[in-house]
Structure formats: C-alpha cells, structure tokens
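>>> Here is my input; please provide its structure:
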Amino acid sequence: MSSTSDKIVLLKNNIGKVIFGKDDIIEYAIISLLARGHLLIEDVPGVGKSSLAHSLASSLHLDFKRIQFTSDLLPTDITGVSIYDQAEKKFHFQKGPLFSNIVLADEINRTTPRTQSALLEAMNERQISADNTTYILDEPFMVIATQNQVESQGACPLPESQLDRFMLYVSMGYPSLEDERRLLSESRPERIAPVLNKEDVLQLQGEVDSVHIDPLLTDYILNVLTATRENPHLALGVSPRGGLIFQQAIRARALVHGRNYCIPDDVKSLAIPVLCHRVIPQSNTQSQKRLFADTATIIETILGELAVPV
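Next comes the predicted model:
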C-alpha cells in the first residue's frame, strides 16, 4: 500500500504544480480515473478546467485529445469516419479524437443531442460503433467534460441520461486570494513531465476493486440511497446504477487516502459530487445550477439524519 500511496501523492503533487489551491478538485479527478469513471466540471470560463485535464494526462503519459463541442459538430467528427483509398480500392476507418486515453470534451452542453449520444456510447460502453463495426477503446479511458453555466448564451442543459454517465459532477470555483496571488507572481511550467505511466494507472485501477467495504458500511450506503428515493422533496432518487457508481467511487477515495478499506468519511465526502446530479427535486423549473444547489442541501440533510456506523 505504501508504494500505491507514493504513486498517488506523486501524481497529486505533479498536477498541483499547474493547478493551485484546488486539491479537492485534483482528488476528484484522480478518483474518477481510478474508479473507471468520468468527470463533469461546470463553471465559468477561465478557471482551469482545461488545464486540469491536460495536466492529468501529461502526468500519466497518456494519449490526450481535446474536442471543442459546437452546434455544428457531427458524431463522425468525434468517433471517426471511413475514407476511401484510391490505391487500395477500399475504405479505411480514420479514428476520431475519442480514441484516446483521456478526452477533454470542452463545452459539452453546446452541441446537438445526436453528437452527445455518440459520446454517451463511448463513455458507457467503452466502445465505438461505426460502419457496422465495433471498436473497443483502449484502457484507461476517461472523459473530462466541461460545461459553461446553463445561463450562458447558447448553452442548454444535458439530459438526465447523459448526466448519469458522469461519476462526479463538480465546480472548480474562483481561486482564493492567496492562490490567485501565487498564480500572478509565480511562473508555472508550460508542460509538466510524466511521473506515472499507463501500466501504473491500470495497476491502481485493479487495486480499487480489492478495497474492502464492511457490511455495516454497505448498509450505510444503502440507507443513503433509499433516503433519496423516499425523500418528499425529491421527484427522483438515485438509481441502482448510481449506487454501484457511488460504491466504486468510495473504494477509489479510500485508495487515494492510503487505505485498503473504506470508512464513513469516504461516503460523506463523495455523497454530494456523486449523487446530486442523479436526483431530481420536485420543483424542476429552475436553472440546472440552482437545482444542483438545492439537491446538495437535500443530500446534506439526509446525511445529517442517518446514523453513522462506528
């Protein structure tokens, strides 16, 4: 476990050379990767969303592609297209940017549902279908998607089915005064050197699966999930698939914190970023950002009312 902890600390510190004062967001990104999940970041432009994705990929020496989502982006622009070879007189499939280890889907809420569904298949099935052929994506595979706040011009909310495919939903926020002072006064490396590689990531992902969850803690997780389904302020609670994703994220957080077993703090720390975008309040007429703020309050109330295993 010490070797595992050393690798994770090394990764955190390396990303921290570029992303100042956002240790929690860096940790969420690592948790998503190790738990084989995907990360959705919503915030205003210019707070470091793209830099986080690029720094994570660079630190791990993984293939990285950035896709700028726009209203005229086609599914084949991200999955790939067959091109006819005149010399060989046959078609060859030209792979799109989704054939990478880490994909930055920038401003995902500015494209069409058809293109979003192509991304959805890759995220969910970890494969791409094109021209009656299925292509398995290389592991590790992770999508870090960004979206501007829905109130922004040209932005529209993602459907619940797509939101559910993201393991964590977070907001970076503005830096603190001291962190922004560092940003203005200290030089940051344009590129950071890799500290781990693909094999290290696959090994860490395998270790997540072996992290122990005590039956009492499983009951605690079940109580949280059940409470979201029975809460009178929620029209829709967390699905069983959401529960499985929650459990895997909890395991990954334990590993990130140097443990091969989970504790209640793992559940509490991840409840809001994992569950908030998986529930729908009774009043569904507000902006998406406001809805998530309301659901966060409800999730906090649920956690405060449930008995914690000791």
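
>>> Where do the strands of the stretch 51-200 of the chain begin and end?
Taking DSSP state E, counting those that start in this stretch as the criterion, the stretch 51-200 of the chain carries its strands at 64-68, 80-85, 90-95, 102-106, 127-130, 133-136, 142-147, 168-170.

>>> Dump those to CSV, plus distance to residue 260 and mean neighbour count.
No exception for glycine: its C-beta is placed from N, CA and C like everyone else's. Listed next are the strands of the stretch 51-200 of the chain as CSV, based on distance: least, CB to CB, whole Å; neighbours: other CB atoms under 10 Å:
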stretch, distance to residue 260, mean neighbour count
strand 64-68, 30, 17
strand 80-85, 40, 13
strand 90-95, 38, 12
strand 102-106, 26, 25
strand 127-130, 31, 16
strand 133-136, 30, 12
strand 142-147, 23, 25
strand 168-170, 22, 23
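
>>> Touching, residue 73 and residue 112? I think so.
Yes. Under the criterion of CB atoms under 8 Å, residue 73 makes contact with residue 112 at 7.4 Å.

>>> wait, what's in contact with the spatially closest residue to residue 198 that is not a sequence neighbour?
Take residue 198 and drop its neighbours on the chain: the residue closest to it by CB to CB, 6 or more residues apart in numbering is residue 62, 6.1 Å away. Residue 62 makes contacts with 100, 101, 102, 140, 198, 201, as judged by CB atoms under 8 Å, 6 or more residues apart in numbering.

>>> Domains in the chain, by residue range?
Using automatic domain parsing, the domain ranges for the chain come out as 1-206, 210-310.

>>> Would you mind putting those domains into TSV with mean pLDDT alongside?
Formatted as TSV, the domains of the chain follow (pLDDT from 0 to 100):
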stretch	mean pLDDT
domain 1-206	90
domain 210-310	91
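
>>> wait, residue 248 sits on residue 32?
No. Using CB under 8 Å as the test, residue 248 is too far from residue 32 to be in contact (10.1 Å).

>>> ok, residue 243 - contacts?
Applying CB under 8 Å, 6+ apart, the residues contacting residue 243 are 221, 222, 225.

>>> Please, where are all the helices along this protein?
2-16, 23-34, 49-60, 75-79, 113-125, 160-163, 177-185, 198-209, 215-230, 240-256, 264-275, 288-305 (DSSP state H).

>>> Residue 135: which of those helices is closest?
Ranking the helices of the chain by proximity to residue 135 (CB to CB) places helix 75-79 first, at 8.6 Å.

>>> Now the closest one: buried residues?
For helix 75-79, a neighbour-count test (16 or more other CB atoms under 10 Å) marks 75, 77, 78, 79 as buried.

>>> Fine, thanks again, bye for now.
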